[in-house]
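1. I would like the atomic coordinates for the input below:
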Amino acid sequence: MSFGQRLKEIRDGFERPFWVANISEIFERLSYYGAFASLALYLQGKLSFSTQQTGTLTGIFGGMVWFLAIFGGAVADKLGFRRALSLAYLILAIAYFLIGSIGAPWLAPLRNAVPLSLFVGCILMLPALGISLVKPCVLGTTASASKENVRSIGYSIYYTMVNIGGAAGPYVASWAHRHLGVESVFRVAALSVFAMFFAVLFFFREPQRATDAAPPSVYETLRNFVMVLGNPKFMLFLLLFTGYWMVFWQQYISLPGYVQRYIDARADVEFILITDGLAVILFTLLVNYLLRRIPALHAVILGTLVSSLSWLIVAFKPTVLGAVLSILVLALGEIIQQPRYYEYISRLAPPGQQGTYMGFAFLPIGIGSFIGGWFGGRMMHQFAEVAHQPQRAWYAIVGVGLLTTLLLWIYD
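-> Reported below is the predicted structural model:
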């Protein structure tokens, strides 16, 4: 097939809802990664939490977002993607605004009524209510509004859009932090998703289901959950893959504090975190084209190995350049495995249940953030603050990734 024919195939293979949903994903990810890039600095520098508390709270923020996607998938199937998406963006706008207002005087009565860590933890869970609806909606729309011959490319386009937002988010966070203060990072995030609320209302139309079937009933939705939970091989795979995300999320959980405390206190951490999203934007389509003949699960295993080894760079070269190179290699592993991971999950989803299965696909990301937050905070405290050998924390994190690679290989 010639290049022109391939472009025509792509142009004709996607319906308008595909493009609206995926473009809105740019702004949702901009908000999420902008908030995530500044969160550890906000918690530790502005709200005076310890290293361990910061790790745990950051892990809660990431974990709840992805864990609730399981339920968001079922809700998306029931409500329809248009209503679920518009509701999600409205919830997100409110949630990010509240995070940026934790220290505001008007929240003082609530803030002083309970322990600060509990208060902050509850507020950090709020974005999960919105994102848990966005992710299954966008992925479900990608499955429903693309033809079979371009669906694999559709998931690569989706992941490219995610990382355009992923790269723009830390950049916007860096600018807002320097010029407006760290609290304003979260208010800018709120404006971004609030704009998407109107975009969905005006431009998104419900895609036609692949089977022209009506959305599942409450009973059918519950039955879908039981069926997915009753698939031991699928659930085992998801649990094993949790180790990958424990390693991956350390760029937001452990790296910001590590850079400012042990590398350069004046370093622009948010700007460093642009590396991951930018690398994925530039190389996702190329890498997936080059590795297209590798089976999906083998690509997942290879990507896990590459990402796991990435943190050895900053361990051996504790500089800003070392941190950037670590994230670059981390991103390479992400590029290798992530689009193929979604492809693998989508093939397992029965007709009409894309939202439910895609919701379960986010389970490892959530568990990995929960455990990774606790684990990263504990490792940095033990090796950096107690033993005064901060590089050893990265050895422990790499060990988790190598163990995950081995277990996935045995599973395969």
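
2. Helices of the stretch 301-412 of the chain, residue ranges please.
-> Taking DSSP state H, counting those that start in this stretch to define them, one finds helices in the stretch 301-412 of the chain at 311-316, 320-348, 354-361, 363-379, 391-411.

3. Tell me which of these is the most buried.
-> Comparing the helices of the stretch 301-412 of the chain by mean neighbour count (mean count of other Cβ atoms under 10 Å), helix 354-361 ranks first with a mean of 27. In short, each C-beta sits where N, CA and C put it, glycine included.

4. Under the pLDDT cut-off, which ranges of the stretch 201-350 of the chain? List them.
-> The model of the stretch 201-350 of the chain has pLDDT under 70 over residues 209-222, 224, 348-350.

5. again, 80 this time
-> For the stretch 201-350 of the chain, the stretches flagged by pLDDT under 80 are 207-231, 284-285, 339, 342-350.

6. among the helices of the stretch 301-412 of the chain, which is nearest residue 170?
-> Nearest to residue 170 among those is helix 320-348; the distance by Cβ to Cβ comes to 10.5 Å.

7. next one: that closest one to chain centre, how far?
-> With Cα atoms, centre = their mean, to the nearest Å as the basis, helix 320-348 stands 11 Å off its chain's centre.

8. Begin at 5, not 1, for the rest of this chat.
-> Okay, residue one is now 5; in that scheme the one you just asked about reads as helix 324-352.

9. which ones are touching residue 19?
-> Contacts of residue 19 were listed using Cβ atoms under 8 Å, 6 or more residues apart in numbering, and they are 149, 150, 211.

10. need those in a markdown table with distance to residue 83, secondary structure and neighbour count, can you?
-> Formatted as a markdown table, the contacts of residue 19 follow (distance: Cβ to Cβ, whole Å; DSSP: H, G, I helix; E, B strand; the rest coil; neighbours: other Cβ atoms under 10 Å):
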| residue | distance to residue 83 | secondary structure | neighbour count |
| --- | --- | --- | --- |
| 149 | 17 | coil | 25 |
| 150 | 21 | strand | 24 |
| 211 | 14 | coil | 22 |
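
11. And the residues you listed, which is closest to residue 249?
-> Nearest to residue 249 among the contacts of residue 19 is residue 150, at 26.3 Å by Cβ to Cβ.

12. Beta-bridge partners for the closest one, please?
-> Per DSSP bridges, the residues bridged to residue 150 are residue 18.

13. residue contacts, it?
-> Residues in contact with residue 150, defined by Cβ under 8 Å, 6+ apart, are 17, 18, 19, 22, 158.

14. so which of the helices of the stretch 305-416 of the chain comes closest to residue 100?
-> With Cβ to Cβ as the criterion, residue 100 lies closest to helix 367-383 of the helices of the stretch 305-416 of the chain, at 17.6 Å.

15. picking that back up, now flag whichever of the contacts of residue 150 is closest to residue 266.
-> Closest to residue 266, out of all of the contacts of residue 150 and judged by Cβ to Cβ, is residue 158, at 42.0 Å.

16. Give me the neighbour count for that closest one.
-> Residue 158 has 25 neighbouring residues, counting by other Cβ atoms under 10 Å.

17. show me where the stretch 5-154 of the chain has helices.
-> Applying DSSP H, counting those that start in this stretch to the stretch 5-154 of the chain gives helices spanning 7-17, 20-45, 55-71, 73-83, 85-104, 112-117, 120-148.

18. then the fourth one to PDB, C-alphas only?
-> Output of helix 73-83 as PDB, limited to C-alpha atoms (Å, rounded to 0.1, in the frame of the first residue of the first chain):
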ATOM      1  CA  ALA A  73     -11.800   3.500  36.000                       C
ATOM      2  CA  ILE A  74     -13.100  -0.100  36.500                       C
ATOM      3  CA  PHE A  75     -16.400   1.300  37.700                       C
ATOM      4  CA  GLY A  76     -16.200   4.200  35.200                       C
ATOM      5  CA  GLY A  77     -16.200   1.700  32.300                       C
ATOM      6  CA  ALA A  78     -19.500   0.200  33.400                       C
ATOM      7  CA  VAL A  79     -21.000   3.700  34.000                       C
ATOM      8  CA  ALA A  80     -19.900   4.800  30.500                       C
ATOM      9  CA  ASP A  81     -21.500   1.700  29.000                       C
ATOM     10  CA  LYS A  82     -24.700   2.500  30.800                       C
ATOM     11  CA  LEU A  83     -24.900   6.300  30.400                       C
END
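
19. For that helix, name the packing helices and strands.
-> Secondary-structure packing of helix 73-83 (3 or more Cβ pairs under 8 Å, 6 or more residues apart in numbering; DSSP states H and E): helix 85-104, helix 120-148, helix 222-233, helix 358-365, helix 367-383.

20. Please point out which parts of the helix or strand following the third one sit buried.
-> On the C-terminal side of helix 222-233, the closest following helix or strand by DSSP states H and E is helix 236-252. Neighbour counts using 16 or more other Cβ atoms under 10 Å place 238, 241, 242, 244, 245, 246, 247, 248, 249, 250, 251, 252 of helix 236-252 among the buried residues.

21. before we move on, what about stretch 173-193?
-> Across stretch 173-193, burial judged by 16+ other Cβ under 10 Å covers 173-181, 186-193.

22. what's next to that stretch, contact-wise?
-> With Cβ under 8 Å, 6+ apart as the test, stretch 173-193 has contacts from 33-42, 45-46, 49-50, 100-101, 103-105, 107, 272, 274-278, 281.

23. Next: stretch 381-396.
-> Contacts to stretch 381-396, defined as Cβ under 8 Å, 6+ apart, come from residues 54-60, 62-63, 257-258, 261-262, 265-266, 319-320, 322, 397, 400-401.

24. quick one on the thing from earlier: right, and the helices and strands packed on helix 73-83 - which one's nearest residue 306?
-> The closest of those to residue 306 is helix 367-383. By Cβ to Cβ, the value is 16.8 Å.

25. what's the angle from the helix or strand hosting residue 180 to helix 20-45?
-> Taking DSSP H and E as the definition, residue 180 sits inside helix 155-184. When axes from the mean of the first three to the mean of the last three Cα atoms, to 10 degrees is applied, the directions of helix 155-184 and helix 20-45 differ by 40 degrees.

26. which other residues reach stretch 320-333?
-> With Cβ under 8 Å, 6+ apart as the test, stretch 320-333 has contacts from 255, 259, 262-263, 266-268, 271, 276-277, 279-280, 283, 310-311, 313-318, 394-395.

27. Give the full set of residues in contact with residue 132.
-> 68, 69, 70, 71, 72.

28. Let's see the pLDDT reported for it.
-> We note a pLDDT of 86 for residue 132 in this prediction.
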